[in-house]
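Q: One predicted model, sequence on top.
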Amino acid sequence: MINLIIIGLGVGFAQNIQAAEFALGKITIAVHGFLSQGYLKSDRNNFLANTEEGTFEFREYGINVSSDLTDQLHIGAQLFGRDFGDYGNDKIRLDWGFADYRFQDWLGIRAGRMKMVHGLYNETRDLDMVRTSIFLPESIYNDAWRDSFTAMNGIGLYGTLSLKSLGSLSYQAQWGKIKIEPDGGLSKYIDKFIPMDIDDVDTSDIYLAGVEWNPAPPLDGLRLRWTWNTWEMDDKATTNSHPFWQIQGIPSGLPLLFHADFDITVLAVEYRWGNLVLAAETFYPAGYAYRLESPLLGRLDGGTDDPAGYYAGITYRFTDWFELGMLYSAFYNNEHDKDGEQLNADTGLPRYNAWLKDTTLTARFDIRENLVIKAEGHIMNGTDIMLTADNPNGTHENWFLFGCKATYSF
Amino acid sequence: VGSTVKVIMRSTKRIRLLLIFIGLPFVLLVGVWMQSAYADEQKVNVVIIGNKNIPESSLSKVDIQNIFLGKKTRLASIKITFGILKESPVHESFLQEYLSRTPAQYEQYWKKLIFTGQGKAPKVFETEEALVEYVKNTAGAIGYIGSNTAQSIESDGLHQFTIQ
(Lines give C-alpha, C1' and ligand atoms only; values in the text may rest on other atoms or scores of the structure.)
Protein backbone atom coordinates (compact mmCIF):
# COMPACT_ATOMS: atom_id res chain seq x y z
CA MET A 1 0.00 0.00 0.00
CA ILE A 2 1.28 3.42 -0.90
CA ASN A 3 2.05 5.36 2.19
CA LEU A 4 1.60 9.03 1.35
CA ILE A 5 2.60 11.38 4.13
CA ILE A 6 3.08 15.09 3.90
CA ILE A 7 6.41 15.69 5.58
CA GLY A 8 6.09 19.42 5.59
CA LEU A 9 5.32 22.60 3.78
CA GLY A 10 7.93 25.16 4.55
CA VAL A 11 11.11 23.12 4.77
CA GLY A 12 13.31 26.12 4.21
CA PHE A 13 16.34 26.51 2.02
CA ALA A 14 18.35 29.35 3.50
CA GLN A 15 15.35 31.63 3.74
CA ASN A 16 13.53 31.56 0.50
CA ILE A 17 13.22 28.18 -1.17
CA GLN A 18 10.45 26.28 0.49
CA ALA A 19 9.13 23.00 -0.79
CA ALA A 20 6.39 20.61 -0.03
CA GLU A 21 7.89 17.16 0.45
CA PHE A 22 6.00 13.90 0.35
CA ALA A 23 7.07 10.42 1.28
CA LEU A 24 5.92 7.80 -1.18
CA GLY A 25 7.01 4.59 0.49
CA LYS A 26 10.77 5.02 0.92
CA ILE A 27 11.02 7.71 -1.72
CA THR A 28 10.84 11.40 -0.90
CA ILE A 29 9.27 13.65 -3.52
CA ALA A 30 9.96 17.40 -3.52
CA VAL A 31 7.47 19.85 -5.00
CA HIS A 32 8.37 23.41 -6.08
CA GLY A 33 6.43 26.03 -7.98
CA PHE A 34 6.32 29.62 -9.13
CA LEU A 35 3.87 32.19 -10.47
CA SER A 36 4.76 35.44 -12.27
CA GLN A 37 2.35 38.14 -13.38
CA GLY A 38 3.48 41.24 -15.22
CA TYR A 39 2.27 44.34 -17.01
CA LEU A 40 3.78 45.89 -20.15
CA LYS A 41 3.23 49.29 -21.71
CA SER A 42 4.97 50.91 -24.66
CA ASP A 43 4.50 54.41 -25.95
CA ARG A 44 4.73 53.22 -29.58
CA ASN A 45 5.05 49.82 -31.28
CA ASN A 46 3.63 46.53 -30.05
CA PHE A 47 6.32 44.32 -28.60
CA LEU A 48 5.04 40.74 -29.14
CA ALA A 49 1.78 41.73 -27.43
CA ASN A 50 -0.61 44.64 -27.39
CA THR A 51 1.83 46.74 -25.37
CA GLU A 52 0.84 50.04 -26.92
CA GLU A 53 -2.49 49.86 -25.11
CA GLY A 54 -0.87 48.18 -22.11
CA THR A 55 -1.30 44.51 -21.38
CA PHE A 56 -1.50 42.10 -18.47
CA GLU A 57 -1.08 39.18 -20.90
CA PHE A 58 2.38 38.62 -19.51
CA ARG A 59 2.68 35.75 -17.06
CA GLU A 60 4.41 32.44 -16.38
CA TYR A 61 3.74 29.68 -13.90
CA GLY A 62 5.03 26.21 -13.24
CA ILE A 63 5.06 23.38 -10.76
CA ASN A 64 7.58 20.58 -10.56
CA VAL A 65 8.11 17.29 -8.73
CA SER A 66 11.43 15.51 -8.38
CA SER A 67 12.96 12.66 -6.50
CA ASP A 68 16.19 10.74 -6.01
CA LEU A 69 15.29 7.13 -6.77
CA THR A 70 18.83 6.01 -5.91
CA ASP A 71 22.12 7.77 -5.10
CA GLN A 72 22.76 8.14 -8.82
CA LEU A 73 19.29 8.23 -10.39
CA HIS A 74 17.24 11.43 -10.19
CA ILE A 75 13.90 11.97 -11.94
CA GLY A 76 11.63 14.97 -12.21
CA ALA A 77 9.16 16.90 -14.35
CA GLN A 78 7.73 20.40 -14.55
CA LEU A 79 4.41 21.57 -15.98
CA PHE A 80 4.53 25.11 -17.29
CA GLY A 81 2.17 27.68 -18.74
CA ARG A 82 2.64 31.20 -19.99
CA ASP A 83 0.86 33.98 -21.78
CA PHE A 84 2.57 36.73 -23.70
CA GLY A 85 0.21 38.34 -26.19
CA ASP A 86 -0.58 35.70 -28.81
CA TYR A 87 2.09 33.33 -27.46
CA GLY A 88 1.61 30.62 -24.89
CA ASN A 89 -2.07 31.47 -24.32
CA ASP A 90 -2.01 29.72 -20.95
CA LYS A 91 -1.65 26.31 -22.56
CA ILE A 92 -0.15 23.98 -19.97
CA ARG A 93 2.69 21.88 -21.35
CA LEU A 94 5.53 19.70 -20.17
CA ASP A 95 8.37 22.16 -19.66
CA TRP A 96 10.94 19.52 -18.77
CA GLY A 97 10.79 15.92 -17.63
CA PHE A 98 13.74 13.59 -17.63
CA ALA A 99 15.66 10.85 -15.89
CA ASP A 100 19.18 11.78 -14.84
CA TYR A 101 21.78 9.12 -14.11
CA ARG A 102 25.14 10.31 -12.80
CA PHE A 103 27.80 7.63 -13.31
CA GLN A 104 30.55 9.86 -11.96
CA ASP A 105 30.85 13.57 -11.34
CA TRP A 106 32.51 13.90 -14.74
CA LEU A 107 29.82 11.92 -16.58
CA GLY A 108 26.07 11.91 -16.26
CA ILE A 109 23.31 11.25 -18.78
CA ARG A 110 19.84 12.74 -19.07
CA ALA A 111 17.02 11.41 -21.24
CA GLY A 112 13.63 13.00 -21.84
CA ARG A 113 12.63 16.62 -22.29
CA MET A 114 15.25 19.07 -21.02
CA LYS A 115 16.27 22.73 -21.15
CA MET A 116 18.61 23.68 -23.99
CA VAL A 117 22.08 25.03 -23.30
CA HIS A 118 22.53 28.38 -25.07
CA GLY A 119 24.45 31.30 -23.61
CA LEU A 120 24.50 31.83 -19.86
CA TYR A 121 20.79 32.04 -19.19
CA ASN A 122 18.67 30.21 -21.79
CA GLU A 123 17.97 27.30 -19.44
CA THR A 124 16.50 29.69 -16.85
CA ARG A 125 14.75 32.19 -19.11
CA ASP A 126 11.30 31.20 -17.79
CA LEU A 127 12.40 31.85 -14.20
CA ASP A 128 11.89 35.50 -13.44
CA MET A 129 12.98 35.16 -9.81
CA VAL A 130 16.58 34.11 -10.55
CA ARG A 131 17.69 37.30 -12.31
CA THR A 132 17.56 41.04 -11.87
CA SER A 133 15.89 42.05 -15.13
CA ILE A 134 12.41 41.12 -16.37
CA PHE A 135 13.52 40.49 -19.95
CA LEU A 136 16.73 38.76 -20.88
CA PRO A 137 18.71 40.73 -23.49
CA GLU A 138 16.95 40.24 -26.83
CA SER A 139 20.30 40.29 -28.66
CA ILE A 140 21.09 36.77 -27.44
CA TYR A 141 17.70 35.58 -26.12
CA ASN A 142 15.17 36.48 -28.83
CA ASP A 143 11.70 36.39 -27.26
CA ALA A 144 10.06 35.61 -30.60
CA TRP A 145 11.98 32.32 -30.63
CA ARG A 146 11.28 31.43 -27.03
CA ASP A 147 8.54 28.83 -27.52
CA SER A 148 10.77 26.81 -29.87
CA PHE A 149 14.14 27.39 -28.34
CA THR A 150 13.87 26.71 -24.62
CA ALA A 151 13.54 22.93 -24.34
CA MET A 152 14.08 19.87 -26.54
CA ASN A 153 13.30 16.17 -26.48
CA GLY A 154 16.41 14.03 -26.53
CA ILE A 155 19.42 13.03 -24.53
CA GLY A 156 22.22 14.95 -22.92
CA LEU A 157 25.59 14.26 -21.39
CA TYR A 158 27.03 16.47 -18.67
CA GLY A 159 29.76 16.55 -16.08
CA THR A 160 32.36 18.52 -14.19
CA LEU A 161 36.09 17.94 -14.43
CA SER A 162 38.47 19.15 -11.75
CA LEU A 163 41.44 21.05 -13.15
CA LYS A 164 43.15 21.24 -9.74
CA SER A 165 44.76 24.67 -9.38
CA LEU A 166 43.06 25.89 -12.57
CA GLY A 167 39.57 25.41 -11.16
CA SER A 168 36.97 23.25 -12.84
CA LEU A 169 35.42 22.70 -16.24
CA SER A 170 31.74 21.82 -16.72
CA TYR A 171 30.31 20.60 -19.99
CA GLN A 172 27.00 19.67 -21.60
CA ALA A 173 26.33 17.95 -24.91
CA GLN A 174 22.75 17.59 -26.11
CA TRP A 175 21.08 15.90 -29.06
CA GLY A 176 17.38 15.93 -29.83
CA LYS A 177 14.41 17.50 -31.54
CA ILE A 178 12.67 20.84 -31.17
CA LYS A 179 9.16 21.69 -32.25
CA ILE A 180 8.43 24.82 -34.26
CA GLU A 181 4.81 25.82 -34.75
CA PRO A 182 3.78 27.21 -38.18
CA ASP A 183 2.09 30.11 -36.38
CA GLY A 184 4.68 30.45 -33.60
CA GLY A 185 7.09 33.30 -32.95
CA LEU A 186 9.97 31.92 -35.02
CA SER A 187 7.72 31.38 -38.05
CA LYS A 188 6.34 34.91 -37.69
CA TYR A 189 9.86 36.27 -37.40
CA ILE A 190 10.81 34.63 -40.72
CA ASP A 191 7.57 35.86 -42.25
CA LYS A 192 8.67 39.42 -41.49
CA PHE A 193 11.61 39.14 -43.89
CA ILE A 194 10.17 36.63 -46.38
CA PRO A 195 6.39 37.01 -46.29
CA MET A 196 4.71 33.64 -46.85
CA ASP A 197 1.93 31.49 -45.43
CA ILE A 198 3.66 28.68 -43.53
CA ASP A 199 1.62 25.47 -43.38
CA ASP A 200 4.03 23.05 -41.80
CA VAL A 201 7.49 23.09 -40.22
CA ASP A 202 9.91 20.20 -40.14
CA THR A 203 13.18 20.32 -38.23
CA SER A 204 16.27 18.18 -38.34
CA ASP A 205 17.92 16.89 -35.17
CA ILE A 206 19.46 19.66 -33.12
CA TYR A 207 22.95 19.40 -31.63
CA LEU A 208 24.01 21.61 -28.76
CA ALA A 209 27.15 21.89 -26.67
CA GLY A 210 28.30 24.05 -23.81
CA VAL A 211 31.57 24.33 -21.91
CA GLU A 212 32.08 26.49 -18.84
CA TRP A 213 35.32 27.24 -17.07
CA ASN A 214 35.25 28.30 -13.43
CA PRO A 215 38.75 29.33 -12.34
CA ALA A 216 40.12 28.59 -8.89
CA PRO A 217 40.44 31.34 -6.23
CA PRO A 218 41.16 34.22 -6.35
CA LEU A 219 39.32 34.33 -9.71
CA ASP A 220 36.50 32.04 -8.62
CA GLY A 221 33.89 34.75 -9.21
CA LEU A 222 34.51 34.33 -12.93
CA ARG A 223 32.51 32.17 -15.37
CA LEU A 224 33.60 31.82 -18.97
CA ARG A 225 31.19 29.95 -21.18
CA TRP A 226 31.04 28.84 -24.80
CA THR A 227 27.88 27.37 -26.29
CA TRP A 228 27.06 26.20 -29.79
CA ASN A 229 24.07 24.72 -31.59
CA THR A 230 23.29 23.65 -35.12
CA TRP A 231 20.06 22.52 -36.77
CA GLU A 232 18.05 22.74 -39.97
CA MET A 233 14.48 23.73 -40.66
CA ASP A 234 12.11 23.20 -43.61
CA ASP A 235 9.01 25.35 -43.88
CA LYS A 236 6.34 24.14 -46.29
CA ALA A 237 4.63 27.35 -47.36
CA THR A 238 2.85 29.24 -50.13
CA THR A 239 3.37 32.71 -51.48
CA ASN A 240 0.81 35.32 -50.53
CA SER A 241 -0.37 38.65 -51.85
CA HIS A 242 2.40 40.63 -50.13
CA PRO A 243 4.12 43.25 -52.36
CA PHE A 244 7.35 41.28 -51.80
CA TRP A 245 6.05 38.75 -54.34
CA GLN A 246 3.96 41.11 -56.45
CA ILE A 247 6.91 43.29 -57.46
CA GLN A 248 8.66 40.16 -58.65
CA GLY A 249 5.60 39.12 -60.63
CA ILE A 250 5.10 36.00 -58.55
CA PRO A 251 1.45 35.04 -57.97
CA SER A 252 0.05 34.14 -54.57
CA GLY A 253 -0.70 30.52 -53.69
CA LEU A 254 2.53 29.20 -55.20
CA PRO A 255 3.99 26.28 -53.17
CA LEU A 256 7.37 27.02 -51.58
CA LEU A 257 9.93 25.23 -49.49
CA PHE A 258 11.93 27.49 -47.23
CA HIS A 259 15.05 25.77 -45.94
CA ALA A 260 17.36 27.26 -43.33
CA ASP A 261 20.56 26.06 -41.65
CA PHE A 262 21.25 27.52 -38.23
CA ASP A 263 24.68 27.60 -36.67
CA ILE A 264 24.91 29.68 -33.51
CA THR A 265 27.86 30.15 -31.19
CA VAL A 266 27.79 32.30 -28.06
CA LEU A 267 30.75 33.46 -25.99
CA ALA A 268 29.85 34.58 -22.49
CA VAL A 269 31.51 35.96 -19.40
CA GLU A 270 30.12 36.66 -15.96
CA TYR A 271 32.03 38.04 -13.00
CA ARG A 272 30.76 38.20 -9.44
CA TRP A 273 32.45 40.35 -6.86
CA GLY A 274 30.30 40.27 -3.77
CA ASN A 275 27.06 42.03 -4.57
CA LEU A 276 28.36 43.25 -7.89
CA VAL A 277 27.76 41.15 -11.01
CA LEU A 278 29.03 41.96 -14.50
CA ALA A 279 27.91 39.96 -17.51
CA ALA A 280 28.51 40.14 -21.25
CA GLU A 281 27.69 37.82 -24.14
CA THR A 282 28.14 37.87 -27.89
CA PHE A 283 27.38 35.72 -30.90
CA TYR A 284 30.68 34.47 -32.28
CA PRO A 285 29.87 33.56 -34.94
CA ALA A 286 26.24 32.91 -35.83
CA GLY A 287 24.78 32.29 -39.24
CA TYR A 288 21.45 31.52 -40.86
CA ALA A 289 21.90 30.15 -44.39
CA TYR A 290 18.64 29.84 -46.26
CA ARG A 291 17.19 29.06 -49.65
CA LEU A 292 13.78 28.92 -51.31
CA GLU A 293 12.64 26.11 -53.55
CA SER A 294 9.57 26.13 -55.73
CA PRO A 295 8.41 23.97 -58.66
CA LEU A 296 7.89 27.14 -60.67
CA LEU A 297 10.82 29.24 -59.52
CA GLY A 298 13.37 26.48 -59.08
CA ARG A 299 15.92 26.87 -56.35
CA LEU A 300 16.86 30.33 -55.09
CA ASP A 301 19.78 30.57 -52.69
CA GLY A 302 19.04 33.29 -50.24
CA GLY A 303 22.60 33.43 -49.03
CA THR A 304 23.62 33.76 -45.44
CA ASP A 305 22.52 36.23 -42.83
CA ASP A 306 25.10 36.58 -40.12
CA PRO A 307 23.32 38.09 -37.15
CA ALA A 308 25.39 40.11 -34.72
CA GLY A 309 24.24 40.33 -31.14
CA TYR A 310 25.93 41.39 -27.95
CA TYR A 311 25.20 42.95 -24.59
CA ALA A 312 26.93 44.07 -21.43
CA GLY A 313 25.20 44.50 -18.11
CA ILE A 314 25.88 45.30 -14.50
CA THR A 315 23.83 44.62 -11.38
CA TYR A 316 24.38 45.57 -7.79
CA ARG A 317 22.43 44.44 -4.72
CA PHE A 318 22.42 47.41 -2.38
CA THR A 319 20.49 45.78 0.47
CA ASP A 320 18.83 42.44 1.22
CA TRP A 321 15.74 43.69 -0.62
CA PHE A 322 16.94 46.09 -3.31
CA GLU A 323 18.94 45.47 -6.46
CA LEU A 324 19.59 47.68 -9.47
CA GLY A 325 20.61 46.58 -12.94
CA MET A 326 21.69 48.33 -16.14
CA LEU A 327 22.21 46.79 -19.50
CA TYR A 328 22.98 47.73 -23.08
CA SER A 329 22.09 45.25 -25.80
CA ALA A 330 22.39 45.48 -29.58
CA PHE A 331 21.15 43.07 -32.22
CA TYR A 332 21.60 43.25 -35.99
CA ASN A 333 19.77 40.79 -38.18
CA ASN A 334 22.65 40.79 -40.64
CA GLU A 335 26.14 41.89 -39.70
CA HIS A 336 26.80 42.79 -43.35
CA ASP A 337 23.75 45.05 -43.51
CA LYS A 338 23.88 46.92 -40.22
CA ASP A 339 22.34 50.08 -41.65
CA GLY A 340 19.43 48.11 -43.17
CA GLU A 341 19.94 49.40 -46.72
CA GLN A 342 19.83 45.96 -48.29
CA LEU A 343 16.87 44.95 -46.16
CA ASN A 344 15.00 48.05 -47.29
CA ALA A 345 15.81 47.35 -50.93
CA ASP A 346 14.78 43.68 -50.69
CA THR A 347 11.63 43.94 -48.61
CA GLY A 348 10.55 47.58 -48.50
CA LEU A 349 10.78 47.48 -44.70
CA PRO A 350 12.13 50.63 -43.05
CA ARG A 351 15.87 50.41 -42.48
CA TYR A 352 15.52 50.41 -38.69
CA ASN A 353 14.06 46.88 -38.92
CA ALA A 354 17.64 45.71 -39.31
CA TRP A 355 18.56 46.37 -35.68
CA LEU A 356 17.32 46.63 -32.10
CA LYS A 357 19.34 48.62 -29.57
CA ASP A 358 18.06 48.49 -26.04
CA THR A 359 19.22 50.38 -22.96
CA THR A 360 17.58 48.88 -19.87
CA LEU A 361 17.35 50.01 -16.28
CA THR A 362 15.80 47.57 -13.78
CA ALA A 363 14.95 47.78 -10.10
CA ARG A 364 14.31 44.55 -8.19
CA PHE A 365 12.66 44.46 -4.79
CA ASP A 366 12.70 41.27 -2.72
CA ILE A 367 9.88 42.54 -0.58
CA ARG A 368 9.14 39.28 1.24
CA GLU A 369 10.51 35.79 1.38
CA ASN A 370 9.63 34.18 -1.96
CA LEU A 371 8.07 37.36 -3.37
CA VAL A 372 9.91 39.55 -5.87
CA ILE A 373 8.67 42.72 -7.57
CA LYS A 374 10.49 44.36 -10.48
CA ALA A 375 10.12 47.53 -12.53
CA GLU A 376 12.01 48.03 -15.76
CA GLY A 377 12.36 50.66 -18.49
CA HIS A 378 13.71 50.03 -21.99
CA ILE A 379 14.83 52.85 -24.25
CA MET A 380 14.66 51.22 -27.67
CA ASN A 381 16.00 52.13 -31.06
CA GLY A 382 15.06 49.94 -34.03
CA THR A 383 12.45 47.23 -34.44
CA ASP A 384 14.28 44.03 -35.35
CA ILE A 385 12.85 41.04 -33.41
CA MET A 386 9.44 42.72 -33.41
CA LEU A 387 6.86 41.13 -35.67
CA THR A 388 4.92 42.56 -38.58
CA ALA A 389 1.89 40.59 -37.39
CA ASP A 390 1.86 42.57 -34.12
CA ASN A 391 2.27 45.91 -35.90
CA PRO A 392 -0.02 45.86 -38.94
CA ASN A 393 0.00 49.67 -39.16
CA GLY A 394 3.78 49.95 -39.24
CA THR A 395 6.37 50.77 -36.63
CA HIS A 396 8.42 53.68 -35.25
CA GLU A 397 12.19 53.72 -34.90
CA ASN A 398 12.43 55.12 -31.37
CA TRP A 399 10.18 53.83 -28.64
CA PHE A 400 9.98 53.11 -24.96
CA LEU A 401 8.84 49.98 -23.13
CA PHE A 402 7.92 49.84 -19.46
CA GLY A 403 7.42 46.57 -17.62
CA CYS A 404 6.71 45.50 -14.07
CA LYS A 405 6.32 42.01 -12.71
CA ALA A 406 5.68 40.17 -9.46
CA THR A 407 6.86 36.60 -8.89
CA TYR A 408 6.09 34.18 -6.09
CA SER A 409 8.05 30.95 -5.80
CA PHE A 410 8.26 28.12 -3.31
CA VAL B 1 2.94 60.40 -17.35
CA GLY B 2 2.14 60.77 -21.05
CA SER B 3 4.07 64.02 -21.37
CA THR B 4 7.02 62.56 -19.43
CA VAL B 5 7.13 59.61 -21.81
CA LYS B 6 7.02 62.03 -24.74
CA VAL B 7 9.94 64.00 -23.31
CA ILE B 8 11.86 60.74 -22.84
CA MET B 9 11.04 59.73 -26.39
CA ARG B 10 12.16 63.01 -27.88
CA SER B 11 15.55 62.60 -26.26
CA THR B 12 16.12 58.86 -26.23
CA LYS B 13 19.51 59.12 -27.92
CA ARG B 14 20.70 61.63 -25.35
CA ILE B 15 19.27 59.56 -22.49
CA ARG B 16 20.86 56.39 -23.80
CA LEU B 17 24.23 58.10 -24.03
CA LEU B 18 23.77 59.51 -20.52
CA LEU B 19 22.85 56.09 -19.15
CA ILE B 20 25.74 54.34 -20.85
CA PHE B 21 28.50 56.88 -20.24
CA ILE B 22 27.42 58.31 -16.90
CA GLY B 23 24.90 55.90 -15.39
CA LEU B 24 26.82 52.70 -15.98
CA PRO B 25 30.16 53.96 -14.61
CA PHE B 26 28.23 55.50 -11.69
CA VAL B 27 26.58 52.19 -10.77
CA LEU B 28 29.96 50.49 -11.21
CA LEU B 29 31.76 52.97 -8.94
CA VAL B 30 29.05 52.87 -6.28
CA GLY B 31 29.10 49.09 -6.48
CA VAL B 32 32.88 48.89 -6.12
CA TRP B 33 32.84 51.32 -3.20
CA MET B 34 30.01 49.51 -1.41
CA GLN B 35 31.58 46.17 -2.23
CA SER B 36 34.83 47.14 -0.53
CA ALA B 37 32.87 48.11 2.57
CA TYR B 38 30.88 44.86 2.39
CA ALA B 39 34.02 42.73 2.16
CA ASP B 40 35.41 44.12 5.40
CA GLU B 41 32.07 44.23 7.16
CA GLN B 42 31.60 40.80 8.69
CA LYS B 43 34.02 37.98 8.62
CA VAL B 44 33.68 34.91 10.80
CA ASN B 45 36.31 32.20 10.68
CA VAL B 46 34.71 29.06 9.32
CA VAL B 47 35.70 25.42 9.77
CA ILE B 48 34.74 22.69 7.32
CA ILE B 49 33.61 19.51 9.05
CA GLY B 50 32.85 16.02 7.78
CA ASN B 51 31.70 12.62 8.94
CA LYS B 52 34.45 10.31 10.20
CA ASN B 53 33.87 7.83 7.37
CA ILE B 54 35.34 10.28 4.82
CA PRO B 55 38.97 9.22 4.35
CA GLU B 56 40.27 12.61 3.14
CA SER B 57 41.69 14.90 5.80
CA SER B 58 42.15 17.91 3.54
CA LEU B 59 40.12 19.55 0.78
CA SER B 60 40.93 22.20 -1.78
CA LYS B 61 38.79 25.33 -2.13
CA VAL B 62 37.75 24.10 -5.58
CA ASP B 63 36.58 20.80 -4.02
CA ILE B 64 34.55 22.67 -1.41
CA GLN B 65 33.07 24.93 -4.06
CA ASN B 66 32.05 22.00 -6.24
CA ILE B 67 30.59 20.06 -3.30
CA PHE B 68 28.36 22.93 -2.16
CA LEU B 69 27.32 23.67 -5.76
CA GLY B 70 26.21 20.06 -6.23
CA LYS B 71 28.89 19.33 -8.84
CA LYS B 72 30.96 16.98 -6.71
CA THR B 73 29.12 14.10 -5.09
CA ARG B 74 31.98 11.73 -4.35
CA LEU B 75 35.23 11.90 -2.42
CA ALA B 76 37.40 8.91 -3.32
CA SER B 77 34.70 6.24 -3.50
CA ILE B 78 32.51 7.68 -0.76
CA LYS B 79 29.14 9.17 -1.73
CA ILE B 80 28.94 12.55 -0.04
CA THR B 81 26.14 14.87 0.91
CA PHE B 82 26.14 18.30 2.50
CA GLY B 83 24.13 20.54 4.76
CA ILE B 84 24.01 24.33 5.04
CA LEU B 85 22.95 26.84 7.67
CA LYS B 86 20.07 29.28 7.50
CA GLU B 87 21.13 32.84 6.88
CA SER B 88 23.63 33.83 9.55
CA PRO B 89 27.09 35.44 9.77
CA VAL B 90 28.68 31.95 9.59
CA HIS B 91 26.67 31.12 6.44
CA GLU B 92 27.58 34.47 4.83
CA SER B 93 31.26 34.12 5.69
CA PHE B 94 31.37 30.57 4.37
CA LEU B 95 29.78 31.59 1.06
CA GLN B 96 32.02 34.61 0.71
CA GLU B 97 35.24 32.77 1.48
CA TYR B 98 34.68 29.46 -0.29
CA LEU B 99 32.09 30.09 -3.00
CA SER B 100 32.57 33.80 -3.78
CA ARG B 101 28.82 34.20 -3.58
CA THR B 102 26.40 36.18 -1.45
CA PRO B 103 23.47 34.35 0.22
CA ALA B 104 21.11 35.77 -2.45
CA GLN B 105 23.37 34.55 -5.28
CA TYR B 106 23.72 31.12 -3.68
CA GLU B 107 19.98 30.80 -3.30
CA GLN B 108 19.43 31.83 -6.92
CA TYR B 109 22.02 29.31 -8.05
CA TRP B 110 20.03 26.51 -6.40
CA LYS B 111 16.71 27.84 -7.67
CA LYS B 112 18.14 27.61 -11.20
CA LEU B 113 18.96 23.95 -10.64
CA ILE B 114 15.68 23.11 -8.89
CA PHE B 115 13.48 24.74 -11.53
CA THR B 116 15.37 23.19 -14.46
CA GLY B 117 15.44 19.70 -12.97
CA GLN B 118 19.21 19.69 -12.52
CA GLY B 119 19.38 19.51 -8.75
CA LYS B 120 17.68 19.00 -5.44
CA ALA B 121 17.59 21.68 -2.74
CA PRO B 122 20.27 21.27 -0.05
CA LYS B 123 19.37 20.37 3.51
CA VAL B 124 19.14 23.49 5.67
CA PHE B 125 19.74 23.64 9.42
CA GLU B 126 18.57 26.29 11.84
CA THR B 127 21.62 26.07 14.13
CA GLU B 128 25.25 25.04 13.98
CA GLU B 129 24.54 22.39 16.61
CA ALA B 130 21.86 20.81 14.42
CA LEU B 131 24.24 20.80 11.44
CA VAL B 132 26.97 19.20 13.56
CA GLU B 133 24.56 16.44 14.65
CA TYR B 134 23.61 15.81 11.01
CA VAL B 135 27.24 15.57 9.93
CA LYS B 136 28.10 13.26 12.85
CA ASN B 137 25.22 10.90 12.19
CA THR B 138 25.20 10.81 8.37
CA ALA B 139 27.79 8.83 6.45
CA GLY B 140 29.52 11.03 3.86
CA ALA B 141 28.07 14.28 5.26
CA ILE B 142 29.94 17.60 5.06
CA GLY B 143 29.10 20.94 6.63
CA TYR B 144 30.63 24.10 8.11
CA ILE B 145 30.55 25.87 11.44
CA GLY B 146 32.15 28.91 13.05
CA SER B 147 35.56 28.40 14.64
CA ASN B 148 34.15 29.33 18.08
CA THR B 149 31.57 26.54 17.83
CA ALA B 150 34.25 24.15 16.57
CA GLN B 151 36.23 24.65 19.78
CA SER B 152 33.28 23.89 22.01
CA ILE B 153 31.76 20.77 20.42
CA GLU B 154 32.49 17.09 20.95
CA SER B 155 34.63 16.00 18.03
CA ASP B 156 33.59 12.33 18.20
CA GLY B 157 32.12 11.16 14.91
CA LEU B 158 33.48 14.01 12.80
CA HIS B 159 36.69 15.57 11.68
CA GLN B 160 37.78 19.01 10.59
CA PHE B 161 39.28 19.34 7.14
CA THR B 162 42.44 21.27 6.53
CA ILE B 163 42.24 23.48 3.45
CA GLN B 164 44.85 22.95 0.75
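A: Yep, it's here.

Q: So A:Ala345 versus A:Asp337, what's the distance?
A: Remark: distance between A:Ala345 and A:Asp337 (C-beta to C-beta, to the nearest Å) = 10 Å. Every C-beta, even on glycine, is put in place using the N, C-alpha and C of the backbone.

Q: With neighbour numbers in mind, choose between those two.
A: Each of A:Ala345 and A:Asp337 has its neighbours counted (other C-beta atoms under 10 Å in any protein chain shown); A:Asp337 has more, 19 against 11.

Q: ok, now how distant is the nearest residue to A:Asp147 once chain neighbours are set aside from chain B?
A: The shortest distance from A:Asp147 to any non-neighbouring residue, by C-beta to C-beta, 6 or more residues apart in numbering or on different chains, is to A:Gly184 (5.2 Å). From A:Gly184 across to chain B, the span is 22 Å (C-beta to the nearest C-beta, to the nearest Å).

Q: now A:Phe80
A: Distance from A:Phe80 to chain B, by C-beta to the nearest C-beta: 10 Å.

Q: Spit out the contact partners of A:Glu376.
A: Applying C-beta atoms under 8 Å, 6 or more residues apart in numbering or on different chains to A:Glu376 gives the contacts A:Ser133, A:Ile134, A:Phe135, A:Thr360, A:Leu361, A:Thr362, A:Ala363, A:Phe402, A:Gly403, A:Cys404, A:Lys405.

Q: Can you lay out these as TSV showing secondary structure and distance to chain B?
A: Formatted as TSV, those follow (DSSP: H, G, I helix; E, B strand; the rest coil; distance: C-beta to the nearest C-beta, whole Å):
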residue	secondary structure	distance to chain B
A:Ser133	coil	13
A:Ile134	coil	15
A:Phe135	coil	16
A:Thr360	strand	9
A:Leu361	strand	7
A:Thr362	strand	11
A:Ala363	strand	12
A:Phe402	strand	8
A:Gly403	strand	14
A:Cys404	strand	14
A:Lys405	strand	16
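
Q: neighbours of the residue nearest to A:Asp147, just the number please.
A: A:Gly184, neighbours per other C-beta under 10 Å, totals 19.

Q: ok, it to A:Arg146 distance?
A: 9 Å.

Q: list residues touching both of these two?
A: Joint contacts of A:Gly184 and A:Arg146 (C-beta under 8 Å, 6+ apart) are A:Tyr87.

Q: What is the helix or strand harbouring B:Val135 packed up against?
A: Using DSSP states H and E, the element containing B:Val135 is helix B:128-137. Contacts defined by 3 or more C-beta pairs under 8 Å, 6 or more residues apart in numbering or on different chains; DSSP states H and E place helix B:128-137 against strand B:46-51, strand B:81-85, strand B:123-125, strand B:141-146, helix B:147-152, strand B:158-160.

Q: go again using 6 Å as the cut-off
A: Judged by 3 or more C-beta pairs under 6 Å, 6 or more residues apart in numbering or on different chains; DSSP states H and E, the packing partners of helix B:128-137 are strand B:81-85, strand B:141-146.

Q: Okay, now the unreliable bits of chain B?
A: Applying pLDDT under 70 to chain B flags the ranges B:1-13, B:16, B:24, B:31-32, B:34-42.
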